[in-house]
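[1] I'll drop the sequence and a predicted model, then ask my questions.
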Amino acid sequence: MSLSVASILISIAALVVSALTAWFTLFRRGHLRMTRPGFVGFVWDAPGGEPKIFLRSFLYATGKRGYVVEALYLNVMREHVEHIFSFWTVRQEGRMAIGGGLKVGEDGVPADFHFLPPKDAHDFAFSAGRYDIAVYVGIAGRTSPALLYKFSLNLSEEQVDAMRPNMVNSIFFNWQPERGSYHSYIAEPPTL
């Protein structure tokens with residue numbers, strides 16, 4: 001009698017472990033996450049062109065099934081004014097593609113994400129001050145976007161002055177983990 005009770009208990013325990021394993025490996029969706037952008041740039045899309053913000057980051061899913069990203073956009077707050085950068089492209093393995101579909105699994109997707117304001121948006125120009133940047137994602141099958149990551153950057157008057165004359169200089173921000181902050185610098189375009 002005790003042998004059959006032990007067999008039943010072992011069978012139930014094995015069934016529970018199998019069900020949990022199936023849940024965590026096959027059925028559980030998990031969450032879509034983004035690492036802190038390690039590199040951010042305030043640049044001009046072309047000399048005299050549109051302002052662009054790009055960032056280098058890593059998207060990943062915490063579950064096996066992964067996600068399909070339909071859209072990414074930036075909500076940029078500067079001096080209590082909201083600017084939306086909704087036109088996005090992604091550069092992976094040296095190729096640039098207009099956004100509109102990106103499969104993100106548990107292995108993740110490292111990429112450069114480039115954001116421009118829409119063509120019909122009010123004029124946006126880089127000016128000195130604090131920029132609160134929120135990265136939002138539109139996921140296939142969901143009706144509302146989700147916040148992926150928020151961070152803040154400061155642009156100095158000197159940096160803005162360096163960008164203005166020819167609209168080709170860029171301001172780059174590198175994350176410094178030992179300091180817990182971004183280090184910014186002015187980058188001139190390479191001479192050809």
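    Arrived safely.
[2] what about the longest helix in the protein?
    Using DSSP state H to define each element, the chain has its longest helix at helix 2-22.
[3] just checking, what packs against whatever helix or strand comes next after that helix?
    Downstream of helix 2-22, the next assigned helix or strand under DSSP states H and E is strand 32-34. Under the contact definition 3 or more Cβ pairs under 8 Å, 6 or more residues apart in numbering; DSSP states H and E, strand 32-34 sits against strand 51-61, strand 129-139, strand 146-155. To be clear about C-beta, it is placed using only N, CA and C from the backbone, and glycine gets the same treatment.
[4] now with 7 Å, please.
    strand 51-61, strand 129-139 (3 or more Cβ pairs under 7 Å, 6 or more residues apart in numbering; DSSP states H and E).
[5] any idea of the angle the next helix or strand after it forms with strand 146-155?
    Next in sequence after strand 32-34, counting helices and strands by DSSP H and E, comes strand 39-44. Orientation note: strand 39-44 sits at an angle of 70 degrees relative to strand 146-155 (axes from the mean of the first three to the mean of the last three Cα atoms, to 10 degrees).
[6] buried ones in strand 39-44?
    By 16 or more other Cβ atoms under 10 Å, the buried positions in strand 39-44 come out as 40-44.
[7] what about Tyr185, distance to Val40?
    Between Tyr185 and Val40 the distance is 12 Å, computed by Cβ to Cβ, to the nearest Å.
[8] now do Tyr73
    From Tyr73 across to Val40, the span is 15 Å (Cβ to Cβ).
[9] cool, Met77 as well?
    15 Å.
[10] who does the closest residue to Arg78 other than its chain neighbours form a beta bridge with?
    Once flanking residues are discounted, Arg78 sits nearest to Tyr131: 5.4 Å by Cβ to Cβ, 6 or more residues apart in numbering. Beta-bridge pairing for Tyr131 (DSSP bridges): Arg78, Leu153.
[11] Leu20: neighbour count?
    11 (other Cβ atoms under 10 Å).
[12] and the pLDDT at it?
    At Leu20, the predicted lDDT confidence score is 72.
[13] check the gap between it and Leu9 for me.
    Distance from Leu20 to Leu9, by Cβ to Cβ: 17 Å.
[14] what do you get for Met34?
    Taken as Cβ to Cβ, the span from Met34 to Leu9 is 44 Å.
[15] neighbour-wise, which of those two wins?
    Between Met34 and Leu9, counting by other Cβ under 10 Å, Met34 is the more crowded of the two (20 against 10).
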